[in-house]
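Peer 1: With the sequence up front, the predicted model follows.
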Amino acid sequence: MSTILIAGANRGLGLEFVRQYAAAGERVIATCRTPAKADALVAIAASSGGRVTVHPLEMTEDSSIRAFKSVLGNQPVDIAIANAGIYGGNRQGWDDMDFDAWTRTFAVNTMAPLRLAQIVHANLKAGNDRKFVAITSQMGSNEGSSTGMHAYRTSKAALNKLVSTLATEWRGDGIIAVPMHPGWVRTDMGGPNAPLAPEESVAAMRTTIRALTPSDSGRFLNYDGARLPW
Ligand SMILES: NC(=O)c1ccc[n+]([C@@H]2O[C@H](COP(=O)([O-])OP(=O)(O)OC[C@H]3O[C@@H](n4cnc5c(N)ncnc54)[C@H](OP(=O)(O)O)[C@@H]3O)[C@@H](O)[C@H]2O)c1
């Protein structure tokens with residue numbers, strides 16, 4: 001049985017990760033901002049025989065990160081998934097930017113994964129699989145000519161750079177770190193017109209995560225394991 005830490009687990013892709021890893025018999029440490037409102041997540045935990053535990057974590061707050069680290073302690077973690085993310089609001093044009101929302105988008109999408117990385121590093125070193133996966137977006141890629149959504153795009157491009165650098169810094173510890181694009185998925189963020197169901201995206205990402213080897217560390221990967229251009 002592996003231990004999987006999933007941050008941002010109360011809805012969307014995070015909740016589906018919990019569902020699938022729990023159904024596969026793994027031990028899951030799930031975090032969300034408000035467990036009291038996370039009915040679906042708490043229901044999975046309640047029927048898991050203690051394998052799934054739910055913990056409060058507001059990823060952008062030092063006090064919350066510290067409190068969660070004290071719960072986590074030194075237990076081994078095999079796979080940590082930094083999944084929480086926000087889209088950044090409606091005003092993200094070059095000529096109409098909500099700069100406060102842009103700052104918040106960086107805090108959640110770019111800085112919070114590093115906060116998680118800092119507290120989980122020792123746990124991953126103590127684990128067997130030693131994998132750190134940050135859920136990013138193809139919208140952070142420099143390829144292509146799509147426009148707008150500057151806050152979201154830049155936050156994910158910066159996340160990609162962060163994780164590829166972490167991969168180099170953690171290579172000596174045997175930890176594999178990758179930014180992974182989940183595809184365009186029907187969640188609150190992806191909307192109803194997305195081609196992928198959360199079940200499909202997460203099943204493919206689990207397969208890709210299982211197959212990761214040290215040579216993959218630092219690569220920008222699609223949910224199906226294909227390499228993506230930076
Ligand atoms: N869906 C897509 O098509 C798509 C495509 C590319 C990339 N992604 C990425 O995939 C990841 C998951 O997205 P999703 O589609 O599942 O989105 P979602 O349904 O909107 O869920 C976002 C999750 O992030 C959590 N979160 C937001 N801010 C947080 C914070 N400050 N601290 C802790 N948790 C926080 C939310 O918790 P609350 O309920 O408390 O807000 C929620 O659990 C994101 O990183 C997103 O950028 C999604």
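Peer 2: In hand now; what should we look at?
Peer 1: part of a strand, is Gly127?
Peer 2: No: the assignment for Gly127, made by DSSP: H, G, I helix; E, B strand; the rest coil, is coil rather than a strand.
Peer 1: Let me know how buried it is, in neighbour terms.
Peer 2: 22 (other CB atoms under 10 Å). The way it works is simple: take the backbone N, C-alpha and C, and place the C-beta from them, glycine included.
Peer 1: cool, Arg91 as well?
Peer 2: 13.
Peer 1: can I assume it is in contact with Trp102?
Peer 2: No: counting by CB atoms under 8 Å, Arg91 sits too far from Trp102 to count as a contact (9.1 Å).
Peer 1: Please see if the helix or strand where Leu13 lies touches the ligand.
Peer 2: If you go by DSSP states H and E, Leu13 is part of helix 12-23. Yes: residues of helix 12-23 contacting the ligand under CB under 6 Å from any ligand atom: Gly12, Leu13, Gly14.
Peer 1: Give the other helices and strands that that helix contacts.
Peer 2: strand 3-7, strand 27-32, helix 39-46, helix 198-211 (3 or more CB pairs under 8 Å, 6 or more residues apart in numbering; DSSP states H and E).
Peer 1: for those, which one sits closest to Ile79?
Peer 2: Taking CB to CB, strand 3-7 is the member of the helices and strands packed on helix 12-23 nearest to Ile79, at 4.7 Å.
Peer 1: Please name the strands paired to the closest one in the sheet, noting orientation.
Peer 2: Here strand 3-7 is paired, per DSSP bridges, with strand 27-32 (parallel), strand 79-82 (parallel).
Peer 1: ok, Leu162 to Gly127 distance?
Peer 2: Distance, Leu162 to Gly127, by CB to CB, to the nearest Å: 21 Å.
Peer 1: If I look at Ser146, what pLDDT would I see?
Peer 2: At Ser146, the model reports a pLDDT of 86.
Peer 1: check contacts around the nearest residue to it once chain neighbours are set aside.
Peer 2: Among residues not flanking Ser146 along the chain, Met139 sits closest, at 7.4 Å (CB to CB, 6 or more residues apart in numbering). Met139 makes contact with Ser146, Met149, Tyr152, Arg153, Lys156, according to CB atoms under 8 Å, 6 or more residues apart in numbering.
Peer 1: quick one on the thing from earlier: columns pLDDT on top of the residues of helix 12-23 next to the ligand, output as a markdown table?
Peer 2: Formatted as a markdown table, the residues of helix 12-23 next to the ligand follow (pLDDT from 0 to 100):
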| residue | pLDDT |
| --- | --- |
| Gly12 | 98 |
| Leu13 | 98 |
| Gly14 | 98 |
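Peer 1: Wait, a helix at the residue nearest to Ser146?
Peer 2: Yes: residue state for Met139 (three-state DSSP) corresponds to a helix.
Peer 1: That one and the ligand, how far apart?
Peer 2: 7 Å (CB to the nearest ligand atom, to the nearest Å).
Peer 1: cool, Trp170 as well?
Peer 2: Taken as CB to the nearest ligand atom, the span from Trp170 to the ligand is 21 Å.
Peer 1: in the protein, which spans are helices?
Peer 2: 12-23, 39-46, 62-72, 99-106, 112-125, 150-170, 198-211 (DSSP state H).
Peer 1: among the ones you listed, which is the most enclosed?
Peer 2: helix 12-23 (a mean of 23; mean count of other CB atoms under 10 Å).
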